[in-house]
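> Here is a sequence together with a model predicted from it:
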Amino acid sequence: MPPMLRPLLRGTTYTRLLHLWVPWLPFSVWMFIDPATPWVPALVVVPLGLIPAVRRGEGVQARLLLTPGEPEPGISEQPSASRRDRLRTVLWLAVRMALAVVAGFATVWLPLLAYSSGEVVAGGSPQGVPVLEDASPHWAYALLVPLFLVALYGAVVGLGELVTAAARRLLGPSVAERVAAAEARTEQLLERTRIARELHDSIGHALTVAVVQAGAARAAGDPGFTDRALAAIEETGRAALEDLERVLGILREPEKPVSGRPTLTDAGRLLESARASGAQVDAEVTGPLDTVPGPVSREGYRILQESLTNALRHAGAVPVRVRIGVADGTLRLEIRNPLAEGVPGPGRGSGLRGVRERAALLGGRARTGPDEGDWRVRVELPLG
C-alpha cells in the first residue's frame, strides 16, 4: 500500500475521529430541546473548563483516543492545579469544539457530495444537496467523486493530527508536573544506583571472605581450622543470600518501603566475619550508635563493609583498626590497615568510589588513601 494511504489501516486514525465527534453529542441533544439556538452548548465551555477535575477527564480521554498505546504521549492526567492550568483547559475546550464543528461538516457533507456526484452521472437528481439538485447529467461529475473522497481523507487524517498536537500543547504537563516527573526519575536512578552498590558491597564482601577463608584453609592443612573456615564461609554466604533476597524483593515490588537493611548496630557480624577470615580486627565504638538516624546508620554499615572487604582483598590477613564514633552531631568512621608490599592500595575500583558517593549524598565527606604506611578510610557523616 502507498505510504500516503497507510493511515487508513491504523486504528489511531479512527479513535481520533471518534474523539472529534464526541463534542457533537451535547449539540445533538440540544437540537431536540431548542433547534432555534444550537449555539447554546458552547456557552458552558468557560465555566466547565474552570473545574479542576475537567482537565483530568479531558486528559484521560485524549490519551485513550488520540495517543492509544503511547507510553509517553505528553498529555497530563492531573487536575488543574493553577490558574494557568484552568485557562489552558478553557482554551482546549474551545479549540476542541471548533475542530469538532469542522470535522462534523467534513465527515457528513464530503461523503454526501461524493455520492450525489455519482448520482448525477447516473442521471439522478440528488435531494437535500442544493448545489447538485438542478445539475444536468454529465460524465464530468464523475471527476468530483475522487476529489471529494480525497478531501474527506485529508480532513480525517489532518484534523486528527491537529487535535492531537493541540492536546499535547494545551493538556501537556504543567511546570510543576514536569518538575515532579523529573524528581521521580531522579529518585528512580538514585534507587537503582543504591541497589547496585548494595549488591556490590554485600556480594563482594561475601565472595572476598569465602576466597580468603578457602585459601587459608588449604594453606593451613589443619582439619580444625578448615572446619572453622567452612563455618565462616557458610555464615557469610547465608547473610549474603539474605541481602540478595531483600534487594530482589525491592526490585520486584519497588513501591514497598525498604526495611530490614542492616545498620551500624549490626556491625558486630562484619567484624566477626573479618576476624574469622584471619584479620586481626581492633574495633572501638564510642557514642550512642542507636541514636544515629536510619539512613546514616545504613550507609555507615555499607561503608564499613566495603572498607573491610578491601582490606581482606588487597592486604590479606593483616591487623585492621576500626574506629566508630558518634559525637557533636557527626558519625565518624576510620578503618586502617597496613599496606601490602608492592600493592599501591585499593583505590582503583568502584568500591571506594561508592564510599565517596555515599558520603557525598548524605552531605558528608570521605578521604581514602595511604597514610603513614597504612591504607586509611576516614568518613564523616552529619547526623542532621
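On my side now, so go ahead.

> Which parts of the chain are strands?
280-286, 319-327, 330-338, 365-371, 374-382 (DSSP state E).

> Restrict the third one to CA atoms and write it as PDB.
Think strand 330-338. Output of strand 330-338 as PDB, limited to C-alpha atoms (Å, rounded to 0.1, in the frame of the first residue of the first chain):
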ATOM      1  CA  THR A 330      28.600  13.700  63.400                       C
ATOM      2  CA  LEU A 331      29.300  10.000  62.800                       C
ATOM      3  CA  ARG A 332      33.000   9.300  62.200                       C
ATOM      4  CA  LEU A 333      34.400   6.100  60.800                       C
ATOM      5  CA  GLU A 334      38.100   5.300  60.400                       C
ATOM      6  CA  ILE A 335      39.400   2.000  59.100                       C
ATOM      7  CA  ARG A 336      43.200   1.500  58.800                       C
ATOM      8  CA  ASN A 337      45.200  -1.500  57.700                       C
ATOM      9  CA  PRO A 338      48.900  -1.900  56.700                       C
END
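
> Within its sheet, name the partner strands of it and how each one runs.
strand 319-327 (antiparallel), strand 374-382 (antiparallel) (DSSP bridges).

> and what of the fourth one?
As defined by DSSP bridges, the strand partners of strand 365-371 come to strand 374-382 (antiparallel).

> residues making contact with the strand it pairs with?
With contacts defined as Cβ atoms under 8 Å, 6 or more residues apart in numbering, strand 374-382 is touched by 296, 299-300, 303, 307, 310-311, 314-315, 329-339, 345-346, 352, 355, 359, 362-370. C-beta here means a position set from N, CA and C on the backbone, and glycine is covered the same way.

> go again using 7 Å as the cut-off
Here strand 374-382 makes contact (Cβ atoms under 7 Å, 6 or more residues apart in numbering) with 296, 299-300, 303, 307, 329-339, 345-346, 355, 359, 362-369.

> Those, buried ones only, as a PyMOL selection?
Entered in PyMOL, the line below selects the buried ones among the contacts of strand 374-382, by 16 or more other Cβ atoms under 10 Å:
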select buried, resi 296+299+300+303+307+331+332+333+334+335+336+337+339+345+346+355+359+362+364+366+368
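
> Leu66 - how many residues pack around it?
A count of neighbours around Leu66, defined by other Cβ atoms under 10 Å, yields 25.

> you'd agree it is up against Ala165?
No: Leu66 lies out of contact with Ala165 (Cβ atoms under 7 Å); the separation is 9.5 Å.

> Would you reformat the strands of the chain as TSV and include mean pLDDT and distance to Val54?
Below are the strands of the chain laid out as TSV (pLDDT from 0 to 100; distance: least, Cβ to Cβ, whole Å):
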stretch	mean pLDDT	distance to Val54
strand 280-286	89	60
strand 319-327	91	55
strand 330-338	91	52
strand 365-371	88	51
strand 374-382	91	47
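
> quick one, which residue of the protein lies the farthest from its center?
Most distant from the centre of the chain: Ser136, at 65.3 Å, with distances by Cα atoms, centre = their mean.

> For the residue nearest to Val296 when sequence neighbours are not counted, list each beta-bridge partner.
Setting aside the residues directly before and after it, Val296 is nearest to Leu381 in space (Cβ to Cβ, 6 or more residues apart in numbering), at 5.2 Å. Leu381 forms beta bridges with Leu331, as assigned by DSSP bridges.

> Could you list the buried residues of stretch 223-230?
Thr226, Arg228, Ala229.

> For Glu191, report the pLDDT, please.
You'll see Glu191 listed with a pLDDT of 64.
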